[in-house]
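Novice: Mind folding the following:
(2 chains)
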Amino acid sequence: MTSVSETAAAPGTRQIAGLSLTRWRAIGIVGFLAAACVLPFFLSNYHNLQLATVVIYAIALMGLNILTGFNGQISLGHGAFYAIGAYTTAILTTKFGVPYWATVPVAGVICLVVGFLIGLPALRLEGLYLALATFALALATPQLLKFKPLDPWTGGVQGVLLRRSASNPPWGLPLTRDQWLYFLCLAIAIPMFWAARNLIRGRTGRAIVAIRDHPVAAETMGVNIAIYKSAAFGVSALYTGVAGALGAVVVGFVAPESFPLFLSLSLLVGIVVGGLASISGAIFGAIFIEFVPNLSDELARSIPAIAQWLLGFTPSVAEQAATAAQWTIYGLVLIAFMYAMPTGVAGFIRLLWSRLARGFGEGG
Amino acid sequence: MAAFLHQVFSGLATGGIYASVALALVMIYQATHHVNFAQGEMAMFSTYICSSLIGWGLPYWIAFLLTLVIAFLGGLAIERIVVRPVEKAPVLSVVIVFIGLLVIINSMAGAIYSYTQTSFPSPFPSDAWYASSYINAHEVGSIVVTLAVLVLVYAFFRFTPLGLAMRAAAQNPVSSRLVGIRVGWMLGVGWGLAAAIGAVAGMMAAPIFFLDPNMMGSILLYSFAGALLGGIDNPWGAVIGGFAMGVLENLAGAYLVGTEIKLSVALIIIVGVLVARPSGLFGRQLVSRV
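Specialist: A predicted model of the protein is given here:
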């Protein structure tokens, strides 16, 4: 639950309540994981499904964060990789009878290859130009999925329906389907986060970050920019593809309209709100993009009376007004977050944490 | 041949709309190095305002001018109130604020005017003398209006003291501040102008695409693509890129593939061009000193 930039501050020297920051962080991670394992037993199936979605988004955001946060390549098109992963799972399970759990690594590998190949032309594009190219990718995806000649595979506009009973808990586990899927996602997410942390902390990660901070200097130091940038694209796509595959299993249905441009934008919102170039940021971002639209919806629904009074709507229009109000609130929350924490939740916590540590250090 | 010419001309008409929005994007980009993703939604909302004004019985051109004033003030207000607090935030945080603005304006329009498509009048009578079998009256009118806007914008920046001050503020904010230019307000005026130019594009686009809260989505994308194709640091390039986008889109839709995937095809062509020329057709090659 940390980022690279922080490790430079010699964490061992600062102490809070007698424990070093590293120790506190370890306690935090263990506590968080314990909560993540216990929580599903106290929640309804619907909420478990939401939790599973949070975990899936977290994997996808981790992938995007490797690319955008750590490597500095902006992508507005990661929804495309999410879609490729989801469709891989859907097609393999329904057309070839592959068990759903076996499709997840396949989806990852396919996205790795596609991501690497897209990363190659992306080498020539920077900043806004890369944003446009990936934006085009996000926009083209639903259109290509609807493309007539591909219908036998993709099911066209109707999409593909997965057999939900196939993903029931195995070995007679005393879990509901939603609890099982949540734990499955968690079991995949934890090693992937651990791998991402090691990747970022190691030699490769330093090279990736160096390319973001100063490409010329990195090249002078012997970093092969072309390989690292394309590889970052590939790995990033792998994470998002795995998330897409899990998403298809959990939702049990894929269609072109499940992967609109909005998904790609949500992913970008997730990493910026969560915190760029931070591993915990992916989790905060996932919580944000899963729950804030729902919360704003509930808020919007609790005020239709006010909306009616304020804007003079008839009750028949109030329904539509509530939908609109939901997204207005979402947008306001988004802007408020950026005002309050321009470096995201993770950056905010880091700031708070270092102030706290400094305060204690001076006091004792 | 006639059909081909017809496609080219109507491509030029929509291209003019893209060119206006592209110009608005470039204006804000040059001053702040941000791409305003909410530009399209601002234009859409202005068009709704114009529609309301016409609904209240104002003649078209008076409503048109009044809308420009409202759009200018709205753009100014958005810059001063919403964008200013994140002036010094990281670029992506600003992008997220723009996405937030986009979502807010879009859903406000949905709440106030509903999501159903409505028609929007064209000020150019369909039996006007300048209409022909190749190109209809609104298309001619919209191209002329676009060109008029371009000339006005050029004249404003080239010949007025305010335009000069704005160019200075965009080029070198620190020195401009030292000679007494209020850089912050210049940014605000830039946003206002961009909003007004966008409003013109919206009002020219609405008779063709119909008026609904999501009408500007693809227009913004084409304009963004056009601006990048021409070179985002070059207003003339952006305008030419916008026109090129319109023609390219129409021809691709008519001759290469159906209308369903013409957007993808157009974008793939552009990405191809950009891979060959990374700073756009007319953009400045960036040389960085080490």
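Novice: Now do the contacts for the residue nearest to the spatial centre of chain A.
Specialist: Nearest to the geometric centre of chain A sits residue A:61, at 2.3 Å (Cα atoms, centre = their mean). Residue A:61 makes contacts with A:267, A:270, A:271, A:274, A:281, A:282, A:285, A:286, as judged by Cβ atoms under 8 Å, 6 or more residues apart in numbering or on different chains. Yep, even glycine has a C-beta here, placed from its N, CA and C like the rest.
Novice: Buried ones among those?
Specialist: A:267, A:270, A:271, A:274, A:281, A:282, A:285, A:286 (16 or more other Cβ atoms under 10 Å in any protein chain shown).
Novice: Which members of those are positioned in helices?
Specialist: Using DSSP state H, the subset of the buried ones among the contacts of residue A:61 located in helices is A:267, A:270, A:271, A:274, A:281, A:282, A:285, A:286.
Novice: circling back: kindly provide the distance from the residue nearest to the centre of chain A to residue A:19.
Specialist: Counting by Cβ to Cβ, to the nearest Å, the gap from residue A:61 to residue A:19 is 29 Å.
Novice: same thing with residue B:128?
Specialist: 81 Å.
Novice: Same list, the contacts of residue A:61, but as JSON lines with distance to chain B please.
Specialist: Output for the contacts of residue A:61, formatted as JSON lines (distance: Cβ to the nearest Cβ, whole Å):
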{"residue": "A:267", "distance to chain B": "12"}
{"residue": "A:270", "distance to chain B": "10"}
{"residue": "A:271", "distance to chain B": "8"}
{"residue": "A:274", "distance to chain B": "11"}
{"residue": "A:281", "distance to chain B": "12"}
{"residue": "A:282", "distance to chain B": "15"}
{"residue": "A:285", "distance to chain B": "11"}
{"residue": "A:286", "distance to chain B": "16"}
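Novice: Out of those residues, which is nearest to residue B:223?
Specialist: The nearest member of these to residue B:223, counting by Cβ to Cβ, is residue A:267 at 23.5 Å.
Novice: ok, the closest one - contacts?
Specialist: Residues in contact with residue A:267 (Cβ under 8 Å, 6+ apart) are A:57, A:60, A:61, A:64, A:78, A:79, A:82, A:240, A:289.
Novice: any idea which of those residues has the most stuff around it?
Specialist: Each of the contacts of residue A:267 was scored for neighbours by other Cβ atoms under 10 Å in any protein chain shown, and residue A:82 scores highest at 35 neighbours.
Novice: Mind telling me what element that residue is part of?
Specialist: Here residue A:82 sits within helix A:78-96, counting by DSSP states H and E.
Novice: Leaving out the residues flanking it, which one is nearest to residue B:139?
Specialist: Distances taken as Cβ to Cβ, 6 or more residues apart in numbering or on different chains put residue B:13 closest to residue B:139, at 3.6 Å, once the chain neighbours are dropped.
Novice: count of neighbours near residue A:152?
Specialist: Using other Cβ under 10 Å, residue A:152 has 9 neighbouring residues.
Novice: on contacts alone, who are the packing partners of the one helix or strand it maps to?
Specialist: Element membership for residue A:152 (DSSP H and E) is helix A:151-154. Applying 3 or more Cβ pairs under 8 Å, 6 or more residues apart in numbering or on different chains; DSSP states H and E, one finds that helix A:151-154 contacts helix A:78-96.
Novice: Could you confirm whether the helix it packs on reaches chain B?
Specialist: No: for helix A:78-96, no contact with chain B is found by Cβ under 8 Å from any Cβ of the partner chain; the gap never falls below 11.4 Å.
Novice: How about the next helix or strand after that helix, which residues are buried there?
Specialist: Where DSSP H and E defines the elements, the next helix or strand beyond helix A:78-96 is helix A:100-122. Under the neighbour-count criterion of 16+ other Cβ under 10 Å, helix A:100-122 has A:100-101, A:103-104, A:106-108, A:110-112, A:114-116, A:118-119, A:122 buried.
Novice: before we move on, back to that, now the residue nearest to the centre of chain A: closest residue in space that isn't a chain neighbour?
Specialist: residue A:282 (4.0 Å).
Novice: okay, the one you found: pLDDT?
Specialist: At residue A:282, the model reports a pLDDT of 89.
Novice: Averaged pLDDT, stretch B:159-168. What do you get?
Specialist: 90.
Novice: meant to ask about stretch B:256-265
Specialist: The average pLDDT for stretch B:256-265 rounds to 70.
Novice: what about the strands in the stretch 251-364 of chain A?
Specialist: A:253-254 (DSSP state E, counting those that start in this stretch).
Novice: Where does the prediction get shaky in it?
Specialist: The stretch 251-364 of chain A contains residues with pLDDT under 70 at A:303-323, A:359-364.
Novice: 90 instead?
Specialist: A:251-266, A:268-283, A:288-364 (pLDDT under 90).
Novice: Going along the chain, name the helices of chain B.
Specialist: Ranges of helices in chain B, per DSSP H, are B:2-32, B:39-55, B:60-78, B:91-113, B:137-159, B:161-171, B:173-178, B:183-209, B:216-230, B:235-251, B:262-276.
Novice: Can you give the distance of the second one from its chain's centre?
Specialist: Taking the mean of its C-alpha atoms, helix B:39-55 sits 14 Å from the chain's own mean (Cα atoms, centre = their mean, to the nearest Å).
Novice: buried stuff in the strand or helix carrying residue A:226?
Specialist: Element membership for residue A:226 (DSSP H and E) is helix A:225-251. Neighbour counts over helix A:225-251 (16+ other Cβ under 10 Å) mark A:228-251 as buried.
Novice: quick one: it to helix A:78-96, angle?
Specialist: In terms of direction (axes from the mean of the first three to the mean of the last three Cα atoms, to 10 degrees), helix A:225-251 departs from helix A:78-96 by 60 degrees.
Novice: Give me the helices and strands touching helix A:225-251, please.
Specialist: For helix A:225-251, the elements it packs on are helix A:45-64, helix A:78-96, helix A:100-122, helix A:177-201, helix A:203-213, helix A:215-220, judged by 3+ Cβ pairs under 8 Å, 6+ apart.
Novice: Turn the ones you listed into CSV, including distance to residue B:68.
Specialist: CSV is the format used below for the helices and strands packed on helix A:225-251 (distance: least, Cβ to Cβ, whole Å):
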stretch, distance to residue B:68
helix A:45-64, 40
helix A:78-96, 36
helix A:100-122, 39
helix A:177-201, 50
helix A:203-213, 42
helix A:215-220, 44
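Novice: quick one: which of the ones you listed is nearest residue A:263?
Specialist: helix A:78-96 (3.7 Å).
Novice: Buried residues in the closest one, which are they?
Specialist: The neighbour-count check on helix A:78-96 (16+ other Cβ under 10 Å) flags A:78-94 as buried.
Novice: how about the residues of the stretch 1-150 of chain A that lie near chain B?
Specialist: Contact residues, the stretch 1-150 of chain A versus chain B (Cβ under 8 Å from any Cβ): A:68, A:74, A:121, A:124-126, A:128-129, A:131-133, A:135-136, A:139-140, A:143-144, A:146-147.
Novice: Try it again at 10 Å.
Specialist: The stretch 1-150 of chain A comes close to chain B at residues A:68-69, A:74, A:76, A:120-137, A:139-144, A:146-148, as judged by Cβ under 10 Å from any Cβ of the partner chain.
Novice: What subset of these is buried?
Specialist: Burial by neighbour count, 16+ other Cβ under 10 Å: within the residues of the stretch 1-150 of chain A next to chain B this picks out A:68-69, A:74, A:76, A:122-123, A:125-126, A:128-137, A:139-142, A:144, A:146-147.
Novice: Can you flag which of those belong to helices?
Specialist: Counting by DSSP H, these contribute A:122, A:128-137, A:139-142, A:144 to helices.
Novice: Burial check on residue 275, number of neighbours?
Specialist: Just going to use chain A. Using other Cβ under 10 Å: residue A:275 sits among 26 other residues.
Novice: wrong one, I was asking about chain B
Specialist: Other residues near residue B:275 number 16, with proximity taken as other Cβ under 10 Å.
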